[in-house]
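In: Pasting a predicted model and its sequence here:
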Amino acid sequence: MIGKEPSEELLSFCYVTINKALFEMSQKKAEEDRKILANILMNDLNDKFYRLTMEDVSKAFHNGVREFEQMAINPRTWYNWLNKQKLKVNAKRIEQSQENERLQIEQRCKEVDKKEILKEFIELCLVEVYEQYVAGEKFKFQGVSQVFNWCESVGLISLTLKEKEKLWDEVQDEIEQKKKFVHNERKQFHPVVMCREKTLMTYFSKWRAENFDLRTKVKQLL
């Protein structure tokens, strides 16, 4: 992974990446401007995309130049490219994390190993998703049931029986409405998952309004 620390190697990689993208988009910029862009890219990688590898970044720029409509290289442009790649990478890592958890349980792993797996899973599926929501970025829930159960077990989420019953009724109504506009009879609706997603979104909104530091709180709970 790229990590959170700047380095000459990373800066050089960013400079090469910027130059390659500019060439592929038939754009020219002064060398000083390219160096400034490379520094900004490195800072963005350390700050928001530190879990990506250099290969991931190269893929993001490769696909971005060919698939997106932006015709200029700037922080807004590559932020969209990198965020799309980040969602892909996170989905794979979440899937791998869940598989590792299953294997570790089968092999009766040490408690410390299970804690590390849980830590990574919660950071990927809860903390980073919440931070994307706060930043107004696109996000996708993964492992909803596991995340919800963990949040409830540590007291981050608390619903009374009456609140759960009300939520269930609301979701059932939503499903009935959605079925009216879905012509695929095989389309599946999962009310339990929908209830949990709605609850997470409610708490996301609440935490954002309170400027709640979820990352720090999760570290304390883990």
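Out: Right, received. Where do you want to start?

In: What about the residue in the chain sticking out farthest from the centre? Give its phi and psi, please.
Out: Relative to the centre of the chain, the most outlying C-alpha is that of residue 30, 34.5 Å out, by C-alpha atoms, centre = their mean. Main-chain torsions, residue 30, degrees, to the nearest 10: phi -60, psi 150.

In: how far away is it from residue 37?
Out: 11 Å (C-beta to C-beta, to the nearest Å). Heads up, the C-betas are built off the backbone N, CA and C, glycines and all.

In: How about residue 13?
Out: Noted for residue 13: a distance of 13 Å to residue 37, by C-beta to C-beta.

In: Look at those two and report which has more neighbours.
Out: residue 37 (22 against 19; other C-beta atoms under 10 Å).

In: Could you verify my assumption that the more buried one touches residue 73?
Out: Yes. Look at residue 37 against residue 73 with C-beta atoms under 8 Å: they come within range, at 6.8 Å.

In: show me where pLDDT drops low in the protein?
Out: The model of the chain has pLDDT under 70 over residues 94-114, 182-187.

In: Would you map the strands across it?
Out: For the chain, applying DSSP state E gives no strands.

In: neighbours of residue 2, just the number please.
Out: 19.

In: pretty sure it contacts residue 45?
Out: Yes. Taking C-beta under 8 Å as the definition, residue 2 is a contact partner of residue 45 at 5.2 Å.

In: shared neighbours of those two, anything?
Out: Here residue 2 and residue 45 share the contacting residues 10, 52, 57, scored by C-beta atoms under 8 Å, 6 or more residues apart in numbering.

In: Mind checking which of these are in helices?
Out: 10, 57 (DSSP state H).

In: Narrow the shared contacts of residue 2 and residue 45 to those that are buried.
Out: Buried by 16 or more other C-beta atoms under 10 Å: 10, 52, 57, out of these.

In: Distance check, residue 52 against residue 17.
Out: 12 Å.

In: err, residue 211, not the other one
Out: 35 Å.

In: Neighbour count for the two, which is higher?
Out: Neighbour count, other C-beta under 10 Å: between residue 211 and residue 17, residue 17 has more, with 23 against 7.

In: Would you indicate which residues of stretch 33-41 are buried?
Out: Here stretch 33-41 shows 34, 37, 38, 41 as buried, counting by 16+ other C-beta under 10 Å.
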